[in-house]
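*Asks:* show me the folded form of this:
(chains A, B, C and D)
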There are 2 protein chains.
Amino acid sequence: MSGTQDRILDSAMGLLQSRGYSAISYQDISDEVGIRKASIHYYFPSKGDLAKAVVHRYRAEVQDVIKQSEASRGADYWGLLDDYFHAYLIFEEEPHKICLCGSLAGEYPVLPEAVQGEVDGFFADQLAWILSIMKKLQEASLVNPEADSRVLSGWVLSSMQGSLMIGRATGEMQRVLDAKALLIASLKAF
Amino acid sequence: MSGTQDRILDSAMGLLQSRGYSAISYQDISDEVGIRKASIHYYFPSKGDLAKAVVHRYRAEVQDVIKQSEASRGADYWGLLDDYFHAYLIFEEEPHKICLCGSLAGEYPVLPEAVQGEVDGFFADQLAWILSIMKKLQEASLVNPEADSRVLSGWVLSSMQGSLMIGRATGEMQRVLDAKALLIASLKAF
DNA sequence: GTCTATACAAAGATAGAC
DNA sequence: GTCTATCTTTGTATAGAC
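*Replies:* Numbering: from 1, shown residues only, chains lettered A, B, ... in the order given. Prediction:
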């Protein structure tokens, strides 16, 4: 099970996270994986197919991490949110990479429709999950129940994605940690 | 009145805001401006030169808007911040565009060094200005003086840039307005 | 200053041998 | 499945005429 297909997906994902969609080529992946361009087309006929598959797999991976967090945290809603934020903090180790879909969102209008669809799906997944946690926090009066939970959830996502992007550009990835701390403080203060 | 140069910059700026750096070409600009590709090279020998010039002009324009705001708002610090946020809200009218430097930051690692430098400069301008307002708000005890003003400033920038990016991808640009309202509420609540 | 023409490289993609 | 070979288009960039 050497999994050429997976190695292609791995390589493509890393390149998409650091360079985005338009700036990467079959040649880049070919160089990393050690196969010829044409062989990549065997697995993924078009560049859009490849990017779509990468995002699709990424979505599943992220959902998996969330399921694991839910299994271990139970009804500890702040803990769940903490795990969620933790997923953003890992980029401090690879400061040229950001969230796959954050990277792709920067070029959203030029993405093939099928890729846009997967990116949409990723953000929908994220927003739905954050919203579910937010509602729990409100039910438990840990967050002000008067606040609009949908708006709060969108803000959490935007803030974290923005901090990744700005953190990378300014070379100060601790902005991600700052955003996490300020978001939690805000949610408690409202 | 060399007009042409400005029309090239105008076109390039719009294209960069909607499609990013890698996905645009001299041909795209040529089509919009109505001159030949080679004529663009006369003004801007390389693509990097062009993008650098676009960001440089953008920085000056934004600084100008800020100066005007300062002239009319005086010591009304919340009003100054309101004007600042207003600059992000204009993208609701052109929902495929985002802040020029937000768009470029998404591809930061592949930008020519000279362009990275201008993008860095833009974010430094922004952070310095927000920080100056934050300090004034704290001096006037309108924002908790205990809070770290540098961290707060970075968060404001990240949050607004992120809301633009996520707003465009999800087709819900009112996220920008939401972010503004929540940031202001947070600053007052700390 | 703007054009035509062109050089040169890289991209996405396909055909067909092995 | 992976390769070589090739096609076609596009992109950046330059030379030189007008």
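*Asks:* residues contacting the residue nearest the centre of chain A?
*Replies:* When CA atoms, centre = their mean is applied to chain A, the residue found nearest the centroid is A:Cys99 (4.1 Å). The neighbourhood of A:Cys99, defined by CB atoms under 8 Å, 6 or more residues apart in numbering or on different chains, consists of A:Gln17, A:Tyr88, A:Phe91, A:Gln161, A:Leu164. Bear in mind the C-beta positions are built from the backbone N, C-alpha and C, glycine included.
*Asks:* select from those residues every entry located in helices.
*Replies:* Secondary structure defined by DSSP state H assigns A:Gln17, A:Tyr88, A:Gln161, A:Leu164 of those to helices.
*Asks:* the second one: what's it in contact with?
*Replies:* Okay, so that is A:Tyr88. If you count contacts by CB under 8 Å, 6+ apart, A:Tyr88 has them with A:Cys99, A:Met160, A:Ser163, A:Leu164, A:Val176, A:Lys180.
*Asks:* same thing with the first one?
*Replies:* Contacts here follow CB under 8 Å, 6+ apart; on that basis A:Gln17 touches A:Lys97, A:Ile98, A:Cys99, A:Leu100, A:Ser103.
*Asks:* now do the buried residues in the strand or helix carrying A:Glu70.
*Replies:* Using DSSP states H and E, A:Glu70 maps to helix A:47-73. Applying a neighbour-count criterion of 16 or more other CB atoms under 10 Å in any protein chain shown, the buried positions in helix A:47-73 are A:47-48, A:50-59, A:62, A:66, A:69.
*Asks:* does A:Asp178 really touch B:Trp155, like I thought?
*Replies:* Yes - counting by CB atoms under 8 Å, A:Asp178 touches B:Trp155, with 6.1 Å between them.
*Asks:* what about the strands in chain A?
*Replies:* For chain A, applying DSSP state E gives no strands.
*Asks:* hmm, A:Leu131 is touching A:Arg150, no?
*Replies:* Yes - proximity of A:Leu131 to A:Arg150 meets the contact threshold set by CB under 8 Å, at 6.2 Å.
*Asks:* out of these two, which sits in the more crowded spot?
*Replies:* Higher neighbour count among A:Leu131 and A:Arg150: A:Leu131, with 17 against 14, using other CB atoms under 10 Å in any protein chain shown.
*Asks:* what's the closest residue to the more buried one other than its chain neighbours in contact with, if anything?
*Replies:* Distance criterion CB to CB, 6 or more residues apart in numbering or on different chains; nearest residue to A:Leu131, sequence neighbours excluded, is A:Ser153 at 4.3 Å. Counting by CB under 8 Å, 6+ apart, A:Ser153 touches A:Leu127, A:Ile130, A:Leu131, A:Met134.
*Asks:* tell me the pLDDT of the residue in chain A that DNA strand D sits nearest to.
*Replies:* Distance from DNA strand D to each residue of chain A (CB to the nearest atom of the strand) is smallest for A:Ala38, at 3.1 Å. On pLDDT, A:Ala38 comes in at 98.
*Asks:* thank you, goodbye.
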